[in-house]
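**Q** sequence and predicted structure are below.
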Amino acid sequence: MRNAQITGIGHYLPERVITNFDLEKIMDTSNEWIVGRTGIRTRRWVQHGDTLSGLAYNAANKALAMAGKTAEDIQLILFASMASDHAFPGGGCFLQDKLQIPGVPAMDIRNACSGFLYGLSVADQFIKTGKYDTVLLVGAEIQSTSLDLTTRGRDVSVIFGDGAGAAVITATDNSDKGILTTHLHADGRYANKLWADAPSVNDHPPLTKELLDTDRIFPKMEGRFVFKHAVEKFPEVINEALQTTGLGIGDLDLIIPHQANLRITEAITHQLKIAGEKVFSNIERYGNTTAASIPIAISEAVDQGLIKKDSLVCLASFGSGFTWASAIIRW
Ligand code: UT7
């Protein structure tokens, strides 16, 4: 049977490093609070000149190089992001323009922290059916420019970072390799537990000068509520993938959870009764990069030799929507 396999992976982070001590200077927070509640010590934030499609382009080129492919080999672009370079069209088209491959379909996926896994599942279906042989999947975010950088928004703004990760996914005839299973879920009842209320097309007009003076334009989160659901859904969706494939937790070489909070990662490790070194974490350096977090983590795990040929890896996510998802891949 034909399978889909990640044959190239790459990541790119903006150069500007923001420490918790930098945040202490602009809002009422502390390094101690941020490290204790989230595990985050630094994150990357863009500066003037950086663009969303630019971050994505740099990550995509690294993934293409690893796969031994060029942009001309791409038959479909999947662009997972909460953002776009402009209000519309979606970011996939701006990335496609940078890659100089006019005519190739560019599809946007807006499922926040689960965006990369939603995209992985879409790529898997298109490749398994024989429609495409080579798909570029990117998770990229610029979040720092939309945050409330005052004490009012501190619970959210200390968490999020910018970055991009990309995967080149190609067809293989070896059914033991590649994406073995994917599982996608959503529950829109809780959409307003982690969201930005405005600008909204339901307002007439969506943008007013008054609106800009309110906090409705900033991302908001009911942190404890989100946390509670995250620690429940991560193990649930990982177990769903294990049951589908008939694998046990002990068969996995590595679990890569979306990097939401170190305490969430530790809770997953505890609940699944798996050794800490088998659960990847880089949130300390990059914070929560939403759709970019899983591909950045895969790319770093490959660079660090934690993922090698034939490694069995479980990917899992939870975030705004709510959405949650998992996949098991054999590298
Ligand atoms: O990727 C999408 C999925 N996202 C998640 O899974 C995130 C889930 N949630 C969380 O990670 C945590 O809920 C947070 C890290 C966001 C917050 O941690 P918490 O332990 O749930 O804190 P809290 O929101 O209950 O706030 C505790 C206290 C409050 O003060 P009082 O009311 O106890 O006086 C907050 O005002 O901490 C205060 N606080 C802060 N203090 C210093 C909130 N943010 C900050 C801050 N610095 N940045």
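**A** Okay, I see it. Residues are numbered from 1 along each chain as shown.
**Q** for the residue in the stretch 101-250 of the chain that the ligand sits nearest to, give its distance to Ile159.
**A** Of all residues in the stretch 101-250 of the chain, Gly223 sits closest to the ligand, at 2.6 Å by Cβ to the nearest ligand atom. Where C-beta positions appear, they are placed from N, C-alpha and C, glycine not excepted. In this structure, Gly223 and Ile159 are 9 Å apart, going by Cβ to Cβ, to the nearest Å.
**Q** so between the two, which is more surrounded?
**A** Regarding Gly223 and Ile159, a neighbour count based on other Cβ atoms under 10 Å identifies Ile159 as having more, with 22 against 16.
**Q** separation between that one and Leu315?
**A** On the measure of Cβ to Cβ, Ile159 and Leu315 end up 20 Å apart.
**Q** same question, Arg285
**A** Computed as Cβ to Cβ, the Arg285 to Leu315 distance reads 19 Å.
**Q** what residues does the stretch 1-150 of the chain put near the ligand?
**A** 29, 33-34, 37-38, 113 (Cβ under 6 Å from any ligand atom).
**Q** please convert the buried members of those residues into ChimeraX selection syntax.
**A** Buried residues among these (16 or more other Cβ atoms under 10 Å), as a ChimeraX selection:
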select :29,34,37,38,113
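**Q** quick one, what contacts Ile255?
**A** 238, 268, 272, 274, 278-280, 313-316 (Cβ atoms under 8 Å, 6 or more residues apart in numbering).
**Q** who's it bridged to?
**A** Val279, Cys314 (DSSP bridges).
**Q** and it, what pLDDT?
**A** Here the pLDDT value assigned to Ile255 is 98.
**Q** cool, and Met1?
**A** For Met1, pLDDT reads 83.
**Q** leaving out the residues flanking it, which one is nearest to it?
**A** Ser175 (4.2 Å; Cβ to Cβ, 6 or more residues apart in numbering).
**Q** tell me the most packed of the contacts of Ile255, by neighbour count.
**A** Most surrounded of those: other Cβ under 10 Å gives Cys314, at 29 neighbours.
**Q** isn't it right up against Arg330?
**A** No. When contacts are counted by Cβ atoms under 8 Å, Cys314 is not listed as touching Arg330 (10.8 Å).
**Q** tell me, what's touching the two both at once?
**A** Common neighbours of Cys314 and Arg330 (Cβ under 8 Å, 6+ apart) do not exist.
**Q** contact partners for the closest residue to Val17 other than its chain neighbours?
**A** Excluding its sequence neighbours, the residue lying closest to Val17 (Cβ to Cβ, 6+ apart) is Thr42, at 5.3 Å. Taking Cβ under 8 Å, 6+ apart, we find Thr42 in contact with 17-20, 284-287.
**Q** strands - which of these land there?
**A** Residues of the contacts of Thr42 located in strands (DSSP state E): 17-19.
**Q** tell me the centre residue of the chain?
**A** Centrality entry for the chain: nearest residue to the mean C-alpha point is Ala291, 2.2 Å, by Cα atoms, centre = their mean.
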